[in-house]
Every structure is written in structure tokens, then in C-alpha cells.
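Chemist: Need a 3D model of the sequence below.
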Amino acid sequence: MAPQSDSCIAIVLAAGEGTRMRSSVPKVLHTILGRSLIRHVLTATETLRATKRIVVVGAGSELVVQEITEYDAEVTTVLQERRGGTGHAVRLALESNPIVNDSIIVVVAGDVPLITGETLQHLAKACQNSGVGAAVLTADVDDPSGYGRVIRDHENGILKIVEDRDATEDEREVHEVNSSVYAFQAGLLKTALAELTTNNAQGEEYLTDAIEIIRSKGKKVVPVVAHDYFEILGVNDRVQLAEATAIMRDRKNLELMSHGVTLIDPPTTFVDVSVTIEPDVTIRPGCQIEGATTIARGALIGPETRLFNCVVGEEATIIKSECDGATIGRHAHVGPYSFLRPGAHLAEGAKVGSFVEVKNSTIGAGSKVPHLSYIGDATIGIQSNIGAGTITANYDGVAKHQTVIGDHVRIGSDNILIAPVEIGDGAYTAAGSAITENVPPGAMGVGRGQQRNILGWVLRKRAGSDSAKAAEEAKES
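Modeler: Numbers count the residues shown, from 1 in each chain. Below you'll find the predicted structure:
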């Protein structure tokens with residue numbers, strides 16, 4: 001159960017430089033499965049039903065604020081101009097926003113994308129007892145290097161948290177570590193923050209020091225051990241970003257499989273958290289499914305396919321292709337080696353085959369573009385067939401123009417349809433044609449010059465070549 005909606009405040013700390021990322025992009029804006037680190041954390045805080053959510057920003061603040069505003073304009077941001085430590089950041093958040101003393105303050109770092117809403121709920125609930133001043137999310141890890149150590153008292157509460165660089169040799173042997181995720185009674189937190197000093201290796205105000213101060217006020221500080229230590233993993237460099245991505249990939253894939261989706265090779269299948277996939281979909285190895293993509297029941301995706309912001313209908317098949325902003329209808333077939341660009345719309349049973357590119361075009365029910373073609377700014381009716389090597393020449397150097405192809409049309413191989421042009425219902429075009437004028441319904445459009453053969457040209461112009469020798473031999477035979 002989440003804390004009461006009028007008693008919880010969430011503070012997200014996202015002011016760090018993130019220098020180990022070696023990036024011009026602020027650390028918390030790096031993405032995992034289609035969502036920035038800061039959005040992952042903010043999404044987890046939604047379960048708290050907090051009356052206010054505050055993000056402390058610093059490095060790259062303009063970009064970070066923009067990301068937060070796009071996520072939810074009601075989230076408050078506070079700028080930490082001087083990096084004075086986690087305690088300083090929380091103090092700025094509280095000073096900038098009126099907080100009643102009986103509130104529960106949940107503090108979470110902006111670079112722990114694997115934290116779950118359920119864990120935050122448990123943490124907040126642990127702090128609701130009147131005898132508890134704070135609760136700390138902890139985890140037992142095999143290698144605690146770099147983490148603050150949790151030192152417990154004889155009652156199994158938390159005596160103190162010692163930062164790794166300040167720990168003694170004995171304290172470094174402790175494997176229970178601080179996650180930097182806390183819940184506090186607001187009044188006690190305010191008092192503790194006012195007493196923080198910078199007497200430590202970094203010369204900063206440590207939020208962890210508030211734990212000892214709250215204990216000195218006669219209040220308990222309780223540990224809440226994370227069910228899965230992955231939840232506390234921070235992202236500070238590209239290696240940790242990749243590790244967190246793999247963990248979240250596995251989470252998403254397990255969720256999909258538990259809901260009836262078949263993943264042939266989960267480790268090579270990456271599905272964004274925003275994607276929706278219905279049961280009885282099969283995803284073959286090497287697929288990336290991203291953005292707001294939705295895939296309906298019974299579809300077959302892959303292998304080696306990327307879908308971004310696509311709508312895929314029931315029983316559709318997409319093989320070794322890239323689709324961006326496309327709609328693929330029921331029983332439609334795409335690939336292999338197709339490229340569907342934004343605005344591509346395949347109706348029921350339509351086919352786009354090998355080495356075909358489609359942009360801003362509708363391909364009607366049962367129509368086919370099987371091979372080696374470019375279809376741009378076009379509308380194709382039902383049950384039409386586009387011959388291999390066909391191009392809709394849609395751009396005149398200044399503007400794009402439309403090609404309209406009717407129902408039951410047969411476009412010959414190696415055609416150039418020079419827009420604007422319309423091919424009427426039931427019409428044909430001859431192979432090798434450049435069609436520049438409308439073709440009436442039922443007509444045959446022919447747009448090619450008459451062939452002529454120049455006899456003996458190779459013998460005269462390429463004398464002594466292999467071609468000339470072959471021609472001589474053929475002539476003699």
C-alpha cells in the first residue's frame with residue numbers, strides 16, 4: 001500500500017556531472033530501452049502518489065529540465081549550481097518548496113533506472129511508524145567496492161552509513177551497502193540537514209550523515225533490503241549502462257513471455273518499455289522493437305528486424321527488415337531486406353518484398369511490390385502488382401508529387417512512373433517504360449523507344465576483346 005496521497009514527497013537527485021560517461025549528453029539523459037535514466041526513476045516514483053515530486057538538476061540543466069517537462073510539466077525542478085553533495089541537494093529542494101513536517105520524504109538518485117515502484121512503496125511504508133525517523137534501502141552485494149557500507153546496531157537497525165573512501169578496513173569488509181535511496185520523516189530530515197558538516201574526504205554535505213543525526217534524536221533508522229540487488233545499481237559509465245540495459249532487457253522479455261509472447265532468443269531481443277505486444281506473437285533472434293510500436297496477436301517478427309513506432313496487424317510477417325513509423329496490416333508480408341519509412345501503410349494482405357523501400361505511401365489490400373523497387377508518395381489500389389525494379393519518381397527537385405495506381409493494375413518490370421501520374425484501374429504498363437502521362441483504365445501504357453541493333457559494332461569498336469572473340473566464334477558456328 002502506498003503512503004497517503006497527502007503525505008509523501010519524492011526528491012530525485014540528478015545534478016551530477018557524469019564525467020565517466022565521456023559524453024556531451026547529461027548522464028541522466030542516456031537511455032535504456034527507449035527511456036532516459038531520469039524517466040525510469042520518475043516512472044518508479046509514480047507509485048508513491050506523491051503530492052509533489054522535485055528533481056534537483058545541475059550539469060546540463062537546460063536539457064534535463066526539458067526532458068522532465070516533456071515527461072510531466074507538474075514535476076518541480078531545483079537548480080544546484082554548486083555541487084555541494086547529496087545533503088546540500090536535498091536541503092535546496094526542501095528550502096525551495098514548502099514541506100510540512102509530518103510528510104514522508106523519499107529521496108532517490110536519478111541514475112538508478114532499475115528501481116521499481118513497489119520497492120519505493122515498501123521503503124515509504126517502513127518510515128510511517130512513529131518511532132522511525134528514516135528508512136534506508138540496502139542490498140547485499142558480492143563486491144561492495146565503491147558503495148557506502150551499512151553498519152547495523154545491536155537491534156538490527158542502522159547505526160551509520162560510512163562512505164567507501166572514509167571507511168575503516170573492518171567496515172570495508174561489510175557487504176550490505178547503501179543504495180542512496182531513503183525515506184525520511186520530513187521534520188527530522190530538516191533538523192538533520194541543518195546540522196550537516198563538510199568534514200569528510202570530499203568536503204561535501206553527505207546525506208548519509210543525516211542517519212547518525214536522526215539516531216541521536218532518539219529515532220530508529222531501519223534498513224529495507226532490496227529484493228533484487230539489481231535495483232540499486234547506478235549508471236556512471238558506459239559499461240554500467242550496458243549492464244543495466246541487459247538487466248532491463250531481461251525484465252521486459254520475461255514480462256512478455258509470461259504474457260504469451262514467444263521469444264526464440266531472448267538475449268538478442270531488445271524491446272522498449274513503451275512497446276505493446278499481444279499474445280501469440282513470435283519474435284525471432286536479433287530484433288529491436290522500439291518506441292510506441294504495437295504488435296497484434298499472431299504476428300511473426302524477424303529474424304534481424306527493427307521496428308520503430310510501428311503498428312503491426314494480426315498474423316503479419318516481417319522478415320529481416322527495418323520499419324520506421326509504418327503501419328503493417330493484417331496478414332501483410334514485409335521482407336526480407338525491406339525498408340518502410342514514415343507514412344508507409346500496408347493494407348490487409350499487402351506484400352513488400354526484397355530490397356523494396358516504401359515512403360509515405362499506401363499499398364492496398366492484396367497488392368504486391370515484390371522486388372527491387374522504390375515507392376514514394378504513392379497510392380496503390382487493391383490487388384495490383386508492381387514489377388521488379390519499379391521507381392515512382394516523386395521529386396522534381398523542388399516539390400514532391402503523387403503517383404496514383406488503381407485497382408488490379410499490372411506495372412511492368414523496370415518502370416519509372418514520373419509523378420504526378422495516374423494509372424487507371426485494370427491498366428497495364430510495358431516492361432522498361434518511363435510513364436510520364438496518365439494511363440486510362442484498361443489501357444496498356446508503353447513509354448520506351450524502339451529497339452535497334454547495330455550489327456558488327458563489337459567487332460569494329462572492341463576488336464581483340466573477349467567479347468569480339470566470342471562474337472567471332474558464334475558467327476563461325
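Chemist: Tell me the first helix or strand C-terminal of the one helix or strand S180 maps to.
Modeler: Element membership of S180, judged by DSSP states H and E, is strand 176-185. As assigned by DSSP H and E, the chain's next helix or strand after strand 176-185 is helix 186-194.
Chemist: That following helix vs strand 176-185, what angle?
Modeler: 120 degrees (axes from the mean of the first three to the mean of the last three C-alpha atoms, to 10 degrees).
Chemist: Helix 186-194 packs against which elements?
Modeler: helix 86-95, strand 104-109, strand 132-140, helix 209-216 (3 or more C-beta pairs under 8 Å, 6 or more residues apart in numbering; DSSP states H and E). From N, CA and C alone the C-beta is placed, and that goes for glycine too.
Chemist: Could I get the CA-only coordinates of the first one as CSV?
Modeler: Think helix 86-95. Output in CSV follows, covering the C-alpha atoms of helix 86-95 (Å, rounded to 0.1, in the frame of the first residue of the first chain):
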residue,chain,number,x,y,z
THR,A,86,23.7,15.0,-1.7
GLY,A,87,22.8,16.6,1.7
HIS,A,88,23.2,20.0,0.1
ALA,A,89,21.0,19.0,-2.8
VAL,A,90,18.2,17.8,-0.6
ARG,A,91,18.4,20.9,1.5
LEU,A,92,18.0,23.0,-1.6
ALA,A,93,14.9,21.0,-2.6
LEU,A,94,13.3,21.5,0.8
GLU,A,95,14.1,25.2,1.0
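Chemist: For it, give the mean pLDDT please.
Modeler: Across helix 86-95, pLDDT averages out at 94.
Chemist: just the second one next, same as before
Modeler: In this model, strand 104-109 carries a mean pLDDT of 96.
Chemist: now do the third one
Modeler: Averaged over strand 132-140, pLDDT sits at 95.
Chemist: so what strands line up beside it?
Modeler: When pairs are called by DSSP bridges, strand 132-140 turns out to pair with strand 176-185 (antiparallel), strand 220-225 (parallel).
Chemist: Need the contact partners of the shortest one.
Modeler: If you take C-beta atoms under 8 Å, 6 or more residues apart in numbering as the criterion, strand 220-225 is touched by 119, 122-123, 126-127, 129, 131-140, 150, 152, 155-158, 176, 211, 214-215.
Chemist: okay, the following helix or strand past it in PDB with CA atoms only?
Modeler: As assigned by DSSP H and E, the chain's next helix or strand after strand 220-225 is helix 238-258. Provided in PDB are the C-alpha atoms of helix 238-258 (Å, rounded to 0.1, in the frame of the first residue of the first chain):
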ATOM      1  CA  ARG A 238      29.100   3.100 -20.500                       C
ATOM      2  CA  VAL A 239      29.900  -0.300 -19.000                       C
ATOM      3  CA  GLN A 240      27.300   0.100 -16.300                       C
ATOM      4  CA  LEU A 241      24.900   1.500 -18.900                       C
ATOM      5  CA  ALA A 242      25.300  -1.700 -20.900                       C
ATOM      6  CA  GLU A 243      24.900  -3.900 -17.800                       C
ATOM      7  CA  ALA A 244      21.700  -2.100 -16.800                       C
ATOM      8  CA  THR A 245      20.400  -2.300 -20.300                       C
ATOM      9  CA  ALA A 246      20.900  -6.100 -20.300                       C
ATOM     10  CA  ILE A 247      19.100  -6.400 -17.000                       C
ATOM     11  CA  MET A 248      16.100  -4.300 -18.100                       C
ATOM     12  CA  ARG A 249      16.000  -6.200 -21.400                       C
ATOM     13  CA  ASP A 250      15.700  -9.400 -19.500                       C
ATOM     14  CA  ARG A 251      13.000  -7.900 -17.200                       C
ATOM     15  CA  LYS A 252      10.900  -6.800 -20.300                       C
ATOM     16  CA  ASN A 253      11.400 -10.100 -22.100                       C
ATOM     17  CA  LEU A 254      10.300 -12.100 -19.000                       C
ATOM     18  CA  GLU A 255       7.200 -10.000 -18.800                       C
ATOM     19  CA  LEU A 256       6.400 -10.500 -22.500                       C
ATOM     20  CA  MET A 257       7.000 -14.300 -22.300                       C
ATOM     21  CA  SER A 258       4.800 -14.600 -19.200                       C
END
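Chemist: For helix 238-258, name the packing helices and strands.
Modeler: Against helix 238-258 (3+ C-beta pairs under 8 Å, 6+ apart) you get strand 31-32, strand 262-263, strand 270-271.
Chemist: Tell me which of those strands sits most buried.
Modeler: Of all the helices and strands packed on helix 238-258, strand 270-271 carries the top mean neighbour count, a mean of 24, counting by mean count of other C-beta atoms under 10 Å.
Chemist: pLDDT on that strand, on average?
Modeler: For strand 270-271, mean pLDDT rounds to 98.
Chemist: Identify, out of the strands paired with strand 132-140, the most deeply packed stretch.
Modeler: In terms of average neighbour count - mean count of other C-beta under 10 Å - the standout among the strands paired with strand 132-140 is strand 176-185, at a mean of 25.
Chemist: What average pLDDT does that one get?
Modeler: Here strand 176-185 scores 94 as its mean pLDDT.
Chemist: Tabulate the CA atom coordinates of it in PDB.
Modeler: Extracted in PDB, the C-alpha atoms of strand 176-185 (Å, rounded to 0.1, in the frame of the first residue of the first chain):
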ATOM      1  CA  GLU A 176      25.500  -4.700   3.000                       C
ATOM      2  CA  VAL A 177      25.600  -1.400   1.100                       C
ATOM      3  CA  ASN A 178      23.700   1.800   0.900                       C
ATOM      4  CA  SER A 179      21.600   2.300  -2.200                       C
ATOM      5  CA  SER A 180      21.400   6.100  -1.800                       C
ATOM      6  CA  VAL A 181      17.600   5.700  -1.700                       C
ATOM      7  CA  TYR A 182      16.000   6.800   1.500                       C
ATOM      8  CA  ALA A 183      12.700   7.700   3.200                       C
ATOM      9  CA  PHE A 184      12.700  10.300   6.000                       C
ATOM     10  CA  GLN A 185      10.300  12.000   8.400                       C
END
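Chemist: one step back: between the strands paired with strand 132-140, which one is closest to I418.
Modeler: Comparing the strands paired with strand 132-140 against I418 with C-beta to C-beta, the closest turns out to be strand 176-185 (62.8 Å).
Chemist: and that closest one, how far from the chain's centre?
Modeler: Mean C-alpha position of strand 176-185 versus that of the full chain (C-alpha atoms, centre = their mean, to the nearest Å) differs by 28 Å.
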